[in-house]
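Enquirer: based on what follows, work out the 3D shape:
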Amino acid sequence: MKFRMIPFRYFDAFMNMALDEAIMEAVRNGESLPTIRFYGWAPSAVSIGFFQGIRNEVNLDVTRQAGVDVIRRQTGGGAVYHDQFGEVTYSIIGPVEKFSVNIIKSYEDICESIVIALHQLGLNAHFEPVNDILLNEQKISGNAQTRRQGILLQHGTILYSVEVEKMFSYLNVSEQKISDKLIKSVKKRVTSISDQLDIPMEELQLALEKGFSVGREIEMGDYTEKELTRAAQLAEEKYKSEAWNFRL
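Expert: The predicted structure follows:
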């Protein structure tokens, strides 16, 4: 199976989620190759899992004041803070029959590309079921997946840097719970590229391109005009709407 690979590019949260859906449609209709894309979030954002309640998970007053976008994902899982300068995010989209029917095995197969990329950087990372990648037993990557109408979407983050205090300020964690002890505990369980290496984010992006190319036929490409137009429509009509984000 040949994949189109689209290099790193910034979008806002609404366009990022809309592009995933637009590409899923294009792949389903045979208009685009299965796709691997890399992207960032500008401005920074908080995404919540499909089944979560936005008011339960996100401190909306703080995110609003900080200019941080808030969006519901198509995929499950928990609330995630996406820092504009703190992570590289990827999406892989293709026909479900090209991936393992076993969910954990499909996570492992896709996450192996990230493990390879981190190994190329000299970091001894490994996959940890169900959907994490650990480095020295600390989480450096979280991933989520959905399968809809014959198409698989998996996306995930690779942490370039992490600011735990900032993350907690945007999430609905009571002040009583945000203790020094909790912050220290999270810092022990989470790591980032910058905690391990002094390299620019571009080096991580290139390593990920190489990692996802191993064992796959790759054609470098870009978004089609149709995908961008459809994504812009989805961003406005769906992903920016209270009906989607607040499940009204």
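Enquirer: tell me which residues touch M24, please.
Expert: 93, 148-149, 151, 153 (C-beta atoms under 8 Å, 6 or more residues apart in numbering). In short, each C-beta sits where N, CA and C put it, glycine included.
Enquirer: out of the residues you listed, which is most surrounded?
Expert: Counting neighbours by other C-beta atoms under 10 Å, I93 leads the contacts of M24 with 27 neighbours.
Enquirer: for E163, see how far away that one is.
Expert: Applying C-beta to C-beta, to the nearest Å, the value for I93 to E163 is 30 Å.
Enquirer: repeat that for G122.
Expert: G122 sits 24 Å away from E163, taking C-beta to C-beta as the criterion.
Enquirer: comparing the two, which residue is more hemmed in?
Expert: E163 (12 against 9).
Enquirer: following the chain past the least confident helix or strand in the chain by mean pLDDT, name the next helix or strand.
Expert: Here the helix or strand of the chain ranked lowest by mean pLDDT, DSSP states H and E is helix 180-189, holding a mean of 82. Using DSSP states H and E, the next helix or strand after helix 180-189 towards the C-terminus is helix 193-196.
Enquirer: after that following helix comes which helix or strand?
Expert: Note on helix 193-196: by DSSP H and E, the next helix or strand toward the C-terminus is helix 201-213.
Enquirer: so which bits of that following helix are buried?
Expert: 201, 204-209, 211-213 (16 or more other C-beta atoms under 10 Å).
Enquirer: quick one on the thing from earlier: closest to S169 out of the contacts of M24?
Expert: Of all those, the one sitting nearest S169 is L153; the distance, using C-beta to C-beta, is 29.4 Å.
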